[in-house]
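Chemist: Provided below for reference: sequence and predicted model.
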Amino acid sequence: MRLSRLRSALPQLLALALVLGVNAILFPSFFDLSFRNDRLYGPLIDVLNRGAPVMLLAIGMTLVIATKGVDLSVGATMAISGAVAATLTVAGVPIPLVILAALGVGLLCGLWNGILVAVLDIQPIIATLILMVAGRGIAQLVTSGFIVTFNDPVLFFIGSGSLLGLPMPVVIALAMAVLVVLLVRRTALGLLIEATGINRRAAALAGVDAKAVLIAAYMTSGLCAAVAGLIAAADIRGADANNAGLWLELDAILAVVIGGTSLMGGRFSIPLALVGALIIQAMNTGILLSGFPPEMNLILKAVLIALILVLQSPAMGRLTALLAAGRARETGTAAPAAAGSRKV
Amino acid sequence: MPHDLLALRELTKTFAGMTALDGVDLTLRAGEIHALLGENGAGKSTLIKTLTGVYRRDGGRILLDGAEIHPADSRQAQALGIGTVYQEVNLLPNLSVAENLFLGRQPTRFGLTDGRAMRRRTAELLRAYGLAVDPAAALGQLSVAVQQLVAIIRAVDVSGKVLILDEPTASLDAAEVEMLFAAMRTLRDRGLAIVFVTHFLDQVFAVCDRATVLRNGRLVGERVIAETSRMDIVTMMLGRELGEAVHERAPARAAAGEPRVAFRRFGRRRSVEPFDLEIRPGEAVGVAGLLGSGRTETARLVFGADRADTGEAFVDGKPVRLANPRAAIRAGFGYCPEERKVEGIVGDLSVRENIVLALQARRGWARPLRMREQVRIADRFVEALDIRTTDIEKPIRLLSGGNQQKAILARWLATEPRFLILDEPTRGIDVGAHAEIVRLIERLCEDGMAMLVISSELDEITTYAGRVRVLRDRRHLGDLTGEDVSPGAIMRTIAGAGVEGTHR
Amino acid sequence: MNARFLPLLVTIAVFAVAFALSAVQFPAMLSTRVVANLLTDNAFLGIVAVGMTFVILSGGIDLSVGSVIAFTGVFLAVTIRDGQHPYPMILAILVIAALFGALMGAMIHYLETPPFIVTLAGMFLARGGCYLLTTESVPIDHPAFDALKGIFWRIPGGGRLTFVAMVMLAVFALGMLVAHKTRFGTYVYALGGDRTSAELMGVPVARVTIGIYALSSLLAGVAGVVFALYTSSGYSLATVGVELDAIAAVVIGGTLLTGGVGFVAGTFVGILISGLIQTYIVFDGTLSSWWTKIAIGILLFAFITLQRGLTKRTGLAAAT
Amino acid sequence: QDGMVVGFSQVGSESGWRAAETAVTRQEAEKRGIDLKFADAQQKQENQIKAIRSFVAQGVDAILLAPVVATGWDDVLEEAKEAEIPVILLDRNIETSDDDLYLTAVTSDQVHEGKVAGDYLVGQVGSKPCNVVELQGTTGSSPAIARKKGFEEAIAGHDNVKLTRSQTGDFTRTKGKEVMESFIKAENGGKDICAVYAHNDDMAVGAIQAIKEAGLKPGSDIMVVSIDAVPDIFAAMAAGEANATVELTPNMAGPAFDALEAYKKDGTEPKKWIQTESKLYTQADDPKAVMESKKGLGY
Ligand SMILES: Nc1ncnc2c1ncn2[C@@H]1O[C@H](COP(=O)(O)OP(=O)(O)OP(=O)(O)O)[C@@H](O)[C@H]1O
Ligand SMILES: Nc1ncnc2c1ncn2[C@@H]1O[C@H](COP(=O)(O)OP(=O)(O)OP(=O)(O)O)[C@@H](O)[C@H]1O
Ligand SMILES: [Mg+2]
Ligand SMILES: [Mg+2]
């Protein structure tokens, strides 16, 4: 069971290894790690640290995609939560309240999306597109369009502090991942989400409260986006309503899909979505370190994604299986298929 | 003289570690109807899909008219003159009836498809089969039975040499089945070879010339129908003798006590006219009627899947609101829907998860069933209902059709319902399991469950139902009880004779 | 009428009502100039949206179109600057675009990978291709090119039906023909309805998938040419995010993102609706940057809920 | 005169500077009693063209255009000209075959901005060797191209000043910080970097944080030079963490309205290019005071 799960994660892990390997070729000291300012320091840590927001988004996005939906509004939600946090901090509101407000706003955004999708039955992409467009406007409304800088040690710590040798954003993202994984796997939520995503009609007839499940998924996504927004704001010590989280929804969806969760809903894996997020960030960091001219960034990304696609494709899996079987036949050992037939 | 039209030799197919077909031979002659028989999971559907190239075969040869063929997909098989109706209705619900019938071979004019000609020819075809359906209607809006008929008409129309029908009669009633048989005989006489998969032995003996029997993916034997007996065939399929007689009439139980569930003037506009219904503990009420008579609608209404707009419902004398399935489940209801593929199975989930789904949904998300408990429940029902699967972790969509049906039944039994609604519970279930399920229904009644069972098989209904509700044109005509619970009386009631006599 | 056309009729009705309301508020909206502008200004978007309709009908998605438009413009601008004649270059880029789409379609089919990632990679590649050609914005200045731009039909009342608007209308007409009157069109619907069933019924899935993405990219190429005519230049940062605008127009037009249900004609109304929202906001002219965004969101929401509500109600009534 | 209706097609609100420009334009219009019709194009040329067309259809008295890109305006400006509506360009010039299509352009010289920044750096380092890393604006955007060009002109011929790394930071703080982190990793923990040149202040602010978090001192260990002069960079300068910035004034509308009013009154043709000043601010210019003075401008 354990082993089979590891085997199903193989394509993603291979892809990550591939990207890291390419990075190490382009930038030899890529794996250098040192201890500085109470924390680990080095390109690998940068990958984790910079990848934290997309990792967070990917956690919620995985659940939404598992319900056969998609959440385009996460970038905008990040902007709103950052804007709210910054504005309240500047206004002198105590920090615990600020954080609660920022997270609450995220939950509210998720609730809105969830109601549109589950109750009003609007297609997820268009339902969340509404908040994607309007949300950034709301964030700018909160900040009046300029970058609100703040000065608060707690928020600074969230952005650039460290715990157990790891940067805070990484710690928060991992904690959130563990929390959500526990939430969906230790309760029946995961099963209900998957059932709803695969066959909503059958699930509803079996007594699954599909509406509540959908709303819960979008609210989790909103919450994750709010945390990511808080981190993004804390990172630059200011809320940039115009650019915070811009286009990150695409990265998050990409991470989830690389992680093997189908956009048609159903079976999902949060850990693999995190691996997906790391693959994307490793690509970005590698490009920055490599010293190629910036005009090449997108081409490099495209080529890498294409490579990952080929590597992960089921067709490729069959091909390797075929080769393996062929080799087995050549060496005279029975092909696994034949062995199987004798057993049954 | 009939010659060997299609021959399968040593056909082998394995799925990840399990052998579904193990060197199977099959010979089809021109101008014969050939039954392909076997238990659920014996490999019938797999054989068909391997033959038409949907699955890549791992070994063996396929000869058509003596020449080896290698269809890579259903399309190429069609081009070779092999038309197929696969087990689940595999048509496109979003296209019109006409488009479904002519997909891939629409008539064209000046390079553009000629919609009018297509609809005209569709109307002709439908008329020939007595279907009053608008050719331009979206297929998904029609009942499963009509969809099944459309699939058959399409396959018949595209097959030039071989017609394959995988359980086509599962959702048809007697009249439609007769019509289908008439068409099959005509085609046979025209020299087609027809493969016919069914679990109804009556039908085998009614139309088939020869039969090939599979068991566990192996060929058991081939028989000429005229020279063999039912028992012989059943024994070949099961590998043992079928214990008891299948159609033994249960002693009519006098249902006693207060009603478990009661519905007063329950109805819904444009669906079913208001009706009264009471079911007592230990009572199984059968529901009979023609296609589209409103049986499925009645079941959905009673389960809260469609909301009733008039009337009230009572459980143990107390009023309940059946606003949605969840409310019904809370009240102790269970419902096995008719459309297994769209409303029953959750395809990518495992057999285990499908079985525990309803129970888990009722407990709520916060009170998960422990893994050990889930496995125990799943194992128990896999054993009790003899669900053939290599592994309870296998995605349910990979199970054979009949075994999927059993798993859905298990899903509801696991919730230990007080009132169970079954819509065509034995559809696609083999003889052995059929007897099991009939026995199961009887046992559940003995244990005091209240049941509403819809079935097109009147023989079956009369076995376990002490009372039969008859429907026509979305109206509940009334109940047949006692000696009137017989296929003949039901047929007469449906047909309109003697209604007055039984209706009270 | 057939129930399948209901969402389309509702969408048209919603647009008509909205246009009437806007015209009451701003009578200038009724001029032929505004109506003609609506067509001209959204011509390139309409053309890609037709391709996107096919992709979405088949149950897929194409994120690369915005970048393909930009690449087409940059390619034309650079080659014409370097002395090539526009017409052969237009032909060349259309062929390139179609091949590019076919390649994506082939990857989607043969590697069995989700269209989302494949076309996202395509989006990066085409945009990166722009940067490789040039990062600057390059004007297009060629008599043959200007000749195309010069074609228009003057409508009474000051409006002009420009060449690009005519191209868009032609593409919509052709799109409807292909969707509803060819085998390919039916195959597209079949794929979106249920891929497995379609395959079992003998739809040539590989060919159709490749064809769909080739068509989408080809139309993105046409849209790129139209955009180049519209702006007389090629710019590598042009039309960022247009794929989302196109998807939104398709979905507003009543096509289901899950595939199999929808109309090319609906997309046309979708384009008009999104154009109307923009025009309305510009006519209003009092909204700040952020209120502009919020207003777009609110109007979008209003349209969608109205459309859904009406479809549901009339749908119930029609079911009698 | 009074009650003139002017349409303003703004690029969007992608940065603090942009928001300030919008705010100042509104203030200037209000001061003069002009009815400003504002249209935000969300960074899309097609939206700007649509907006101008709508302005023409509405019959405004004049149009202000802050073009998102230099090319592709001929046709729509032609339409405005046919309707006899004067168009004034703000903060960026356009490439056109016919200068008569617009009344005047109020812009800075962005190549010059880059050159001012480069000259400052060259002057500061003297003859010492200096490896500079560059944070570019959005790839393909005209300020990024021009500011790079100007800077390279300034350091050309000074062989001790070298551009060793150059990446895009998309004009944002987040990306500026991320790219700078990588540069530091790539250049021997930052020890091989003498200065960072950022195409705008926002990226510079991000870079400053990255430098600090790497344990280095921005402003001394690594010099920071940037462009725009938004308030936050003055705060950094006051703290000694940034060295210089080149001002790009958000008040483009003031001169534009002046020219427009003169033109409307008696047909005075303004100059074709009204160039705004590209003033260099350093730590010596009392950054705190400058910051205060900019507070009211809507940054
Ligand atoms: N794609 C697949 N992957 C793995 N196993 C499969 C697959 N398809 C079928 N099987 C297995 O092969 C066996 C034969 O299934 P098949 O569908 O051919 O049975 P059948 O004879 O048609 O039964 P039924 O009467 O219930 O339709 C079953 O055990 C089933 O679980
Ligand atoms: N022969 C037919 N011709 C046209 N439409 C039909 C026919 N049979 C059924 N229908 C349609 O199918 C729909 C489904 O009916 P319903 O599900 O109530 O049938 P049912 O009584 O459950 O029968 P079954 O379950 O055998 O299909 C009805 O709306 C009916 O109009
Ligand atoms: Mg079968
Ligand atoms: Mg039914």
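Modeler: Great, that's in hand. Ligands and ions are numbered 1, 2, ... in the order given.
Chemist: the helices in the stretch 151-300 of chain C, which residues?
Modeler: C:163-181, C:183-193, C:195-200, C:205-231, C:242-252, C:264-284, C:289-318 (DSSP state H, counting those that start in this stretch).
Chemist: now chain D
Modeler: D:16-31, D:45-58, D:74-82, D:110-125, D:142-155, D:173-186, D:201-213, D:231-238, D:253-266, D:287-294 (DSSP state H).
Chemist: ok, and what's touching the fourth one?
Modeler: To tie it back to what came earlier, the one meant is helix D:110-125. The contact list for helix D:110-125 (Cβ atoms under 8 Å, 6 or more residues apart in numbering or on different chains) reads D:92, D:130, D:132, D:142-143, D:146-155, D:158, D:160-161, D:194-195, D:197, D:223, D:225-227, D:243-244, D:246, D:248, D:278, D:280, D:282. To be clear about C-beta, it is placed using only N, CA and C from the backbone, and glycine gets the same treatment.
Chemist: buried only: go through those for me.
Modeler: Buried members of the contacts of helix D:110-125, counted by 16 or more other Cβ atoms under 10 Å in any protein chain shown: D:92, D:130, D:132, D:142-143, D:146-148, D:150-152, D:154-155, D:158, D:161, D:194-195, D:197, D:223, D:225-227, D:243-244, D:246, D:248, D:278, D:280.
Chemist: which of those are close to chain C?
Modeler: Among those, the residues within reach of chain C (Cβ under 8 Å from any Cβ of the partner chain) are D:Ser142.
Chemist: keep only the buried ones among the contacts of helix D:110-125 that also lie close to ligand 1.
Modeler: Counting by Cβ under 6 Å from any ligand atom, nothing from these sits close to ligand 1.
Chemist: now B:Arg376: how far from B:Val382?
Modeler: 11 Å (Cβ to Cβ, to the nearest Å).
Chemist: mind putting the helices of chain D in CSV, mean pLDDT included?
Modeler: Output for those, formatted as CSV (pLDDT from 0 to 100):
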stretch, mean pLDDT
helix D:16-31, 91
helix D:45-58, 91
helix D:74-82, 91
helix D:110-125, 95
helix D:142-155, 94
helix D:173-186, 94
helix D:201-213, 95
helix D:231-238, 93
helix D:253-266, 93
helix D:287-294, 86
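Chemist: what would these look like in CSV with distance to C:Leu257?
Modeler: Converted to CSV, the helices of chain D look like this (distance: least, Cβ to Cβ, whole Å):
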stretch, distance to C:Leu257
helix D:16-31, 34
helix D:45-58, 24
helix D:74-82, 34
helix D:110-125, 43
helix D:142-155, 36
helix D:173-186, 31
helix D:201-213, 36
helix D:231-238, 42
helix D:253-266, 43
helix D:287-294, 47
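Chemist: now do stretch B:328-341: distance from first to last residue.
Modeler: 22 Å (Cα to Cα, to the nearest Å).
Chemist: that one near chain A anywhere?
Modeler: Yes: judged by Cβ under 8 Å from any Cβ, stretch B:328-341 comes into contact with chain A at B:Ile329, B:Tyr335, B:Pro337.
Chemist: hmm, that stretch touching ligand 2?
Modeler: Yes: Stretch B:328-341 lies within reach of ligand 2 by Cβ under 6 Å from any ligand atom, at B:Glu338.
Chemist: can you give me the buried ones in that stretch?
Modeler: B:328-329, B:331-341.
Chemist: what does stretch C:104-117 give?
Modeler: Quick answer for stretch C:104-117 (16+ other Cβ under 10 Å): C:Met104, C:Gly105, C:Ala106, C:Met107, C:Ile108, C:His109, C:Leu111, C:Thr113, C:Pro114, C:Pro115, C:Phe116, C:Ile117.
Chemist: how about the strands in the stretch 151-300 of chain A?
Modeler: A:162-163, A:166-167, A:238-239 (DSSP state E, counting those that start in this stretch).
Chemist: and those as CSV, adding distance to chain C?
Modeler: As requested, those are exported to CSV (distance: least, Cβ to the nearest Cβ, whole Å):
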stretch, distance to chain C
strand A:162-163, 33
strand A:166-167, 28
strand A:238-239, 14
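Chemist: right, so those strands: which one is the most enclosed?
Modeler: Highest mean neighbour count of these: strand A:238-239, a mean of 30 (counted as mean count of other Cβ atoms under 10 Å in any protein chain shown).
Chemist: which secondary structure elements does that one sit against?
Modeler: Applying 3 or more Cβ pairs under 8 Å, 6 or more residues apart in numbering or on different chains; DSSP states H and E, we find strand A:238-239 packed against helix A:74-90, strand A:148-149.
Chemist: quick one: is the shortest one near chain C?
Modeler: Put plainly, it is strand A:148-149. No: shown here: strand A:148-149 not in contact with chain C (Cβ under 8 Å from any Cβ), separated by at least 13.8 Å.
Chemist: are that strand and chain D in contact anywhere?
Modeler: Yes: contact of strand A:148-149 with chain D (Cβ under 8 Å from any Cβ) involves A:Thr149.
Chemist: starting at the chain centroid, how far to that strand?
Modeler: 26 Å (Cα atoms, centre = their mean, to the nearest Å).
Chemist: that strand pairs with which strands, parallel or anti?
Modeler: With DSSP bridges as the test, strand A:148-149 is paired with strand A:238-239 (antiparallel).
Chemist: residues in contact with the strand it pairs with?
Modeler: Contacts for strand A:238-239 (Cβ under 8 Å, 6+ apart): A:79, A:82-83, A:85-87, A:139, A:143, A:147-150, A:233, D:173, D:205, D:232.
Chemist: if we go to 10 Å?
Modeler: Here strand A:238-239 makes contact (Cβ atoms under 10 Å, 6 or more residues apart in numbering or on different chains) with A:78-87, A:89-90, A:102, A:139, A:142-143, A:146-151, A:229-230, A:232-233, A:244, D:16, D:173-174, D:202, D:205-206, D:209, D:232.
Chemist: can you give me the strands for the stretch 301-450 of chain B?
Modeler: B:310-315, B:318-320, B:333-336, B:419-423, B:450-454.
Chemist: name all residues that make contact with the closest residue to chain C within the stretch 101-250 of chain D.
Modeler: The stretch 101-250 of chain D approaches chain C most closely through D:Gly140 (4.3 Å), counting by Cβ to the nearest Cβ. Taking Cβ under 10 Å, 6+ apart, we find D:Gly140 in contact with A:294-295, C:70, C:74, C:127, C:130-131, C:134-137, C:235-238, D:69, D:168.
Chemist: with A:Ile125 instead?
Modeler: A:69-72, A:117, A:132, C:56, C:61, C:244, C:247-248, C:251, C:257.
Chemist: bridged to B:Leu277, which residues?
Modeler: B:Phe263.
Chemist: you'd agree D:Met203 is up against D:Asp170?
Modeler: Yes: judged on Cβ atoms under 10 Å, D:Met203 makes contact with D:Asp170 at a distance of 8.1 Å.
Chemist: so which of the two has more stuff around it?
Modeler: The neighbour comparison of D:Met203 against D:Asp170 (other Cβ atoms under 10 Å in any protein chain shown) goes to D:Met203, with 31 against 27.
Chemist: what's the closest of the helices and strands packed on strand A:238-239 to C:Ser216?
Modeler: helix A:74-90 (25.1 Å; Cβ to Cβ).
Chemist: now the helix or strand that that closest one is followed by against helix A:74-90, angle please.
Modeler: Scanning forward in sequence from helix A:74-90 by DSSP states H and E, the next helix or strand is helix A:95-114. Using axes from the mean of the first three to the mean of the last three Cα atoms, to 10 degrees, the direction of helix A:95-114 lies 150 degrees away from that of helix A:74-90.
Chemist: can I get helix A:95-114 in PDB? Just the C-alpha atoms.
Modeler: What follows is helix A:95-114, C-alpha atoms only, in PDB (Å, rounded to 0.1, in the frame of the first residue of the first chain):
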ATOM      1  CA  ILE A  95      -2.300  42.300  15.200                       C
ATOM      2  CA  PRO A  96      -4.300  39.200  16.200                       C
ATOM      3  CA  LEU A  97      -7.400  41.000  15.100                       C
ATOM      4  CA  VAL A  98      -5.700  42.000  11.900                       C
ATOM      5  CA  ILE A  99      -4.800  38.400  11.100                       C
ATOM      6  CA  LEU A 100      -8.300  37.200  12.000                       C
ATOM      7  CA  ALA A 101      -9.800  39.900   9.700                       C
ATOM      8  CA  ALA A 102      -7.500  38.900   6.800                       C
ATOM      9  CA  LEU A 103      -8.400  35.300   7.100                       C
ATOM     10  CA  GLY A 104     -12.000  36.100   7.600                       C
ATOM     11  CA  VAL A 105     -12.100  38.000   4.400                       C
ATOM     12  CA  GLY A 106     -10.600  35.000   2.600                       C
ATOM     13  CA  LEU A 107     -13.300  32.700   4.100                       C
ATOM     14  CA  LEU A 108     -15.900  35.200   2.900                       C
ATOM     15  CA  CYS A 109     -14.500  35.200  -0.600                       C
ATOM     16  CA  GLY A 110     -14.700  31.400  -0.600                       C
ATOM     17  CA  LEU A 111     -18.200  31.500   0.700                       C
ATOM     18  CA  TRP A 112     -19.200  33.800  -2.100                       C
ATOM     19  CA  ASN A 113     -17.700  31.600  -4.700                       C
ATOM     20  CA  GLY A 114     -19.200  28.500  -3.100                       C
END
